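Structural data only, the sequence is not supplied:
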Ligand SMILES: Nc1ncnc2c1ncn2[C@@H]1O[C@H](COP(=O)(O)OP(=O)(O)OP(=O)(O)O)[C@@H](O)[C@H]1O
Ligand SMILES: [Mg+2]
């Protein structure tokens, strides 16, 4: 699907945006540390990471609002590192919309076209097209203050799209919207983006939003991209502990490396041994080495306690979440004394089957865990 490994930052005819070992420092603080990234033409790429990790800075470097200390930025194969923003043909939508309050919706949307000295009749036609695309027909003569938050967001989107940008940059565009509107706008933006085949970089710190919308997600922390991959791959095969715990919920169980046996690796976990496919172990380990087993709540299962159960514990609570139930189980584990694990069930049946206070065994689906050396 991605002929050029995106991490490599290697050029390819399908590459719309490329960053090559980009370094950005503010007041001696490194904000981006040698970031390389290749974004495919038509791709919807999400930058996901905690506050302050450098997401907006990365967008600003693509847009031209900030300049890299070192490294290069390419758009459509051309170096743009010293091009000003208005020469880069980039559409931008920010969290706070940044609409011009004194201009009508139409004037706001047409702004970029007037900057490009597009003829009046063409401006009018393209503004109408953009308004239809984002479903703002009939609102062209209003001022921004006469619109709802969602409608203002659409104006910002139309203003970005009307210039037919080479790249669309969206910086947390939904954070001021309520949950339902947010969901609807996610679907709509994705639909428009697909229809136009528009290369898009989307910034969020909402992991659900990232999983739902993206072709690929780049998980960032501390000015580096920790991993970049399609959502399912990131979720199922996180490459490091940060990615594993930032994206989705996870239980962390202490274990020790035991041995290799018939192609599998064996770990000592709880009161017994578990066997895993070697690919699940992301570090080399010697016998007796301390490891952490990362297992998602939906990959743990309660079972009747039996002699071979490696883990066991007492049910302490159920939390009904509508589409699933989280069951909290107090387990005894060597090294951590006790630990509350989360087991996720698709339906409410578990609440009757395992009432609070019941003792159960826990099984984990071995092919779905990730094993890392403990974070220091
Ligand atoms: N113009 C600036 N001057 C000085 N420091 C800055 C500037 N812009 C960003 N920074 C610093 O760079 C770091 C990264 O900021 P950035 O805005 O890229 O983070 P972010 O990932 O977008 O965070 P958030 O999710 O909170 O928006 C932060 O520590 C921030 O304080
Ligand atoms: Mg930001």
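Thanks, I have the structure now. Small disclaimer: the values here were computed from a predicted structure and weren't measured. Ligands and ions are numbered 1, 2, ... in the order given.

going forward, measure contacts between C-alpha atoms and count neighbours the same way
Fine.

Tell me the first helix or strand C-terminal of the longest helix along the chain.
If each helix of the chain is counted by residues according to DSSP state H, the longest one is helix 179-196. Read in the C-terminal direction, the helix or strand following helix 179-196 is strand 199-204, with elements assigned using DSSP states H and E.

just the strands in the stretch 201-350 of the chain please.
Ranges of strands in the stretch 201-350 of the chain, per DSSP state E, counting those that start in this stretch, are 216-221, 224-229, 251-261, 264-269, 272-276, 290-295, 300-303, 311-320, 325-333, 337-345.

tell me the most buried of those strands?
The densest packing among these, expressed as mean neighbour count by mean count of other CA atoms under 10 Å, is seen in strand 216-221 with a mean of 24.

partners of that strand, with directions?
Using DSSP bridges, strand 216-221 pairs in its sheet with strand 44-48 (parallel), strand 224-229 (antiparallel).

what residues are up against residue 219?
Counting by CA atoms under 8 Å, 6 or more residues apart in numbering, residue 219 makes contact with 47, 48, 49, 225, 226, 227, 228, 243.

can you pull up the bridge partners for it?
In this structure, residue 219 has beta-bridge partners residue 48, residue 227, where bridges are defined by DSSP bridges.

Look up how far residue 17 lies from it.
In this structure, residue 219 lies at 18 Å from residue 17, with CA to CA, to the nearest Å as the measure.

what's around residue 349, how many residues?
For residue 349, the neighbour count with other CA atoms under 10 Å is 11.

Tell me how many other residues surround residue 140.
Residue 140 has 18 neighbours, counted by other CA under 10 Å.

got a list of what it touches?
Contacts here follow CA under 8 Å, 6+ apart; on that basis residue 140 touches 104, 105, 106, 131.

Equivalent analysis for residue 358, please.
By CA under 8 Å, 6+ apart, residue 358 lies in contact with 314, 315.

now swap in the one 10 residues further on and tell me
When contacts are counted by CA under 8 Å, 6+ apart, residue 368 touches 236, 280, 295, 299.

Which among the strands of the stretch 201-350 of the chain is found nearest to ligand 1?
Relative to ligand 1, the nearest member of the strands of the stretch 201-350 of the chain by CA to the nearest ligand atom is strand 216-221, separated by 8.1 Å.

The closest one close to ligand 1?
No - no part of strand 216-221 sits near ligand 1 under the criterion CA under 6 Å from any ligand atom; the closest distance found is 8.1 Å.

Next, the angle from that strand to strand 199-204.
Put simply, strand 216-221 runs at 40 degrees to strand 199-204, going by axes from the mean of the first three to the mean of the last three CA atoms, to 10 degrees.

how far out from the middle of the chain is strand 216-221?
The chain centroid and the centroid of strand 216-221 are separated by 6 Å, computed with CA atoms, centre = their mean, to the nearest Å.

now swap in stretch 111-128 and tell me
The answer for stretch 111-128 is 35 Å, by CA atoms, centre = their mean.

Stretch 179-197 now?
Between the mean C-alpha point of stretch 179-197 and the mean C-alpha point of its chain there is a distance of 16 Å (CA atoms, centre = their mean).

do stretch 79-96 as well
22 Å.

Would it count as contacting ligand 1?
No - residues of stretch 79-96 are not located near ligand 1 by CA under 6 Å from any ligand atom, the shortest gap being 9.6 Å.

Endpoints of that stretch, how far apart?
Across its full length, stretch 79-96 reaches 30 Å end to end, with CA to CA as the criterion.

I'd like the mean pLDDT over that stretch, please.
Here the mean pLDDT over stretch 79-96 is 88, rounded to a whole number.

same check, this time on stretch 35-48
Averaging pLDDT along stretch 35-48 gives 96.

for stretch 256-264, same thing?
The average of the pLDDT scores along stretch 256-264 is 89.

Same check on stretch 268-282?
Taken as a whole, stretch 268-282 carries a mean pLDDT of 88.

returning to what we had before: got TSV for the contacts of residue 219, with distance to ligand 1 too?
TSV is the format used below for the contacts of residue 219 (distance: CA to the nearest ligand atom, whole Å):
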residue	distance to ligand 1
47	9
48	8
49	6
225	11
226	14
227	15
228	16
243	15
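
From the rest of the structure, what touches stretch 175-194?
Outside stretch 175-194, the residues touching it (CA under 8 Å, 6+ apart) are 42, 44, 95, 96, 133, 149, 150, 174, 199, 200, 209, 213.

For the strands paired with strand 216-221, give me a markdown table that also has distance to residue 253.
A markdown table is the format used below for these (distance: least, CA to CA, whole Å):
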| stretch | distance to residue 253 |
| --- | --- |
| strand 44-48 | 26 |
| strand 224-229 | 22 |
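
Could you chop this protein up by domain?
Described in terms of automatic domain parsing, the domain architecture of the chain consists of the residue ranges 6-245, 251-372.

what's the spacing between the shortest one and its chain's center?
Pointing back at domain 251-372 there. Between the mean C-alpha position of domain 251-372 and that of its chain there is a distance of 26 Å (CA atoms, centre = their mean).

Which of the contacts of residue 140 ranks first by neighbour count?
That'd be residue 105 among those, by other CA under 10 Å, with 29 neighbours.

which residue packs closest to that residue, ignoring adjacent ones?
In space, residue 105 comes closest to residue 140 once its chain neighbours are excluded; the distance is 4.8 Å by CA to CA, 6 or more residues apart in numbering.

mind checking pLDDT for whatever residue of the stretch 101-250 of the chain ends up closest to ligand 1?
With CA to the nearest ligand atom, the shortest gap between the stretch 101-250 of the chain and ligand 1 falls at residue 205, namely 6.3 Å. Predicted confidence (pLDDT) at residue 205: the value is 86.

hmm, back to that, greatest separation within the contacts of stretch 175-194: which pair is it?
42 and 149 (27.8 Å; CA to CA).

Show me where the stretch 101-250 of the chain has its helices.
With helices called from DSSP state H, counting those that start in this stretch, the stretch 101-250 of the chain shows them at 105-115, 120-133, 149-161, 179-196, 207-213, 231-236, 241-246.
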